[in-house]
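Take a look and give me a structure for this.
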Amino acid sequence: VQLQASGGGLVQAGGSLRLSCAASGRYFNIYDMGWFRQAPGKERDFVAGITWSGGSTTYPDSVKGRFTISRENAKNTVYLQMNSLKPEDTAVYYCAARPSGATKYNYWGQGTLVTVSS
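Numbers count the residues shown, from 1 in each chain. Here you go, the predicted structure:
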């Protein structure tokens with residue numbers, strides 16, 4: 001599966017952005033999907049995950065209540081709605097896929113830059 005992330009940009013603190021990740025290839029609906037981010041000089045961090053059916057989502061405490069991951073299997077697309085953005089959310093955001101039940105994400109998109117100004 002190939003992944004293409006989009007929707008990044010510059011936003012003021014407190015604002016919102018919605019990222020999209022379009023998947024090509026077959027059987028998108030058997031992949032769990034995730035969003036990760038990497039700020040300059042830092043490691044890549046997990047931001048959100050959603051199961052193949054959309055029935056279960058997970059978030060780290062740093063974004064819980066502000067970010068929402070969702071998916072539309074009919075459109076082979078996963079979204080990340082980001083609200084109440086903070087300057088520390090500035091990073092390159094990546095979408096990723098793994099076969100349902102696998103522990104490792106082994107398909108990655110190219111990343112989209114989100115910059116939050118104070």
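
So for the residue lying farthest from the centre of the chain, what's the nearest residue that isn't a sequence neighbour?
Largest separation from the mean C-alpha position in the chain: S118, at 22.4 Å (CA atoms, centre = their mean). Take S118 and drop its neighbours on the chain: the residue closest to it by CB to CB, 6 or more residues apart in numbering is P87, 4.7 Å away. Heads up, the C-betas are built off the backbone N, CA and C, glycines and all.

OK, contacts around the one you found?
A13, V116, S117, S118 (CB atoms under 8 Å, 6 or more residues apart in numbering).

how does it look with 10 Å?
Contact analysis of P87 by CB atoms under 10 Å, 6 or more residues apart in numbering lists Q12, A13, T115, V116, S117, S118.

And the buried ones among the residues you listed, selectable in ChimeraX?
To isolate the buried ones among these in ChimeraX, judged by 16 or more other CB atoms under 10 Å, type:
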select :116
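
closest to M82 among the contacts of P87?
V116 (9.1 Å; CB to CB).

can you tell me the helix or strand for that closest one?
Secondary-structure assignment from DSSP states H and E places V116 in strand 112-117.

could you give the mean pLDDT of that strand?
The average pLDDT for strand 112-117 rounds to 98.

Name the strands paired with it and say parallel or antiparallel.
Here strand 112-117 has these sheet partners by DSSP bridges: strand 9-12 (parallel), strand 91-99 (antiparallel).

Can you list the neighbours in contact with it?
Applying CB under 10 Å, 6+ apart, the contact partners of strand 112-117 are 4-15, 17, 19-21, 37, 39, 80, 82, 85-95.

Return the alpha-carbon coordinates of it using PDB.
Extracted in PDB, the C-alpha atoms of strand 112-117 (Å, rounded to 0.1, in the frame of the first residue of the first chain):
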ATOM      1  CA  THR A 112       3.300  16.800   5.800                       C
ATOM      2  CA  LEU A 113       4.600  19.800   7.800                       C
ATOM      3  CA  VAL A 114       2.500  21.400  10.400                       C
ATOM      4  CA  THR A 115       3.700  24.700  11.900                       C
ATOM      5  CA  VAL A 116       1.900  26.300  14.800                       C
ATOM      6  CA  SER A 117       2.900  29.800  15.600                       C
END
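
Appreciated, that's everything.
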